[in-house]
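Asker: Sharing a model that was predicted from the sequence below.
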Amino acid sequence: QVQLVESGGGSVQAGGSLRLSCAASTYAYSSHFMGWFRLAPGKEREWVGCIANRDGSPYYANSVKGRFTFSRDNAQNTVYLQMNSLKPEDTAMYYCAAGRRCTQEGMDYWGKGTLVTISS
């Protein structure tokens, strides 16, 4: 069964940090890329970035570059999204995904999301 389960969301003040986790089934975790996306109220779903299975290379959206960091624990089939220097505009539902390419269209499997709320 393909499964992705996000956790770690919550409410913090601007400037704070959160670490999101995405626990994946073995099949999902073997995908070429694990990605993170977010959906804010009134906006379209936004690509946050992804990490490659082959070599662990990370790719970040410009809006989060320098503040967010991806990592993975292959023994736990888990990827992490460390978010620092959080801003109110980072408020969104964050989704983990797995797929063939590092794009929304290239993702084959999705989690149900975890909510991040940043207050000013």
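Answerer: Yep, that arrived. Residues are numbered from 1 along each chain as shown.
Asker: Dihedrals phi and psi, the residue nearest the centre of the chain?
Answerer: Per Cα atoms, centre = their mean, the C-alpha nearest to the average position across the chain is that of W36, at 2.8 Å. As for W36, its main-chain torsions (degrees, to the nearest 10) stand at phi -120, psi 140.
Asker: quick one: contacts for it?
Answerer: Taking Cβ atoms under 8 Å, 6 or more residues apart in numbering as the criterion, W36 is in contact with L20, C22, V48, G49, C50, F70, L81, Y94, Y95, C96, A97. Placement of C-beta: from N, CA and C, glycine included.
Asker: can you rerun that using 10 Å?
Answerer: By Cβ atoms under 10 Å, 6 or more residues apart in numbering, W36 lies in contact with 6, 20, 22, 46-51, 60-61, 64, 68, 70, 79-81, 83, 94-97, 111.
Asker: ok, what's across the strand from the residue lying closest to S71 once chain neighbours are set aside?
Answerer: If you skip the residues right next to it in sequence, S71 has Y80 as its closest partner in space, 4.8 Å away by Cβ to Cβ, 6 or more residues apart in numbering. For Y80, the beta-bridge assignment (DSSP bridges) gives partners S21, S71.
Asker: Which other helices and strands does the lowest-mean-pLDDT helix or strand in the chain contact?
Answerer: When the helices and strands of the chain are scored by mean pLDDT, DSSP states H and E, helix 26-29 comes last with a mean of 92. In terms of contacts (3 or more Cβ pairs under 10 Å, 6 or more residues apart in numbering; DSSP states H and E), helix 26-29 is packed against strand 18-24, strand 92-99, strand 107-110.
Asker: what helices or strands is the first one leaning on?
Answerer: Taking 3+ Cβ pairs under 10 Å, 6+ apart as contact, the helices and strands that strand 18-24 lies on are strand 4-7, strand 10-13, helix 26-29, strand 33-39, strand 68-73, strand 78-83, strand 92-99, strand 114-119.
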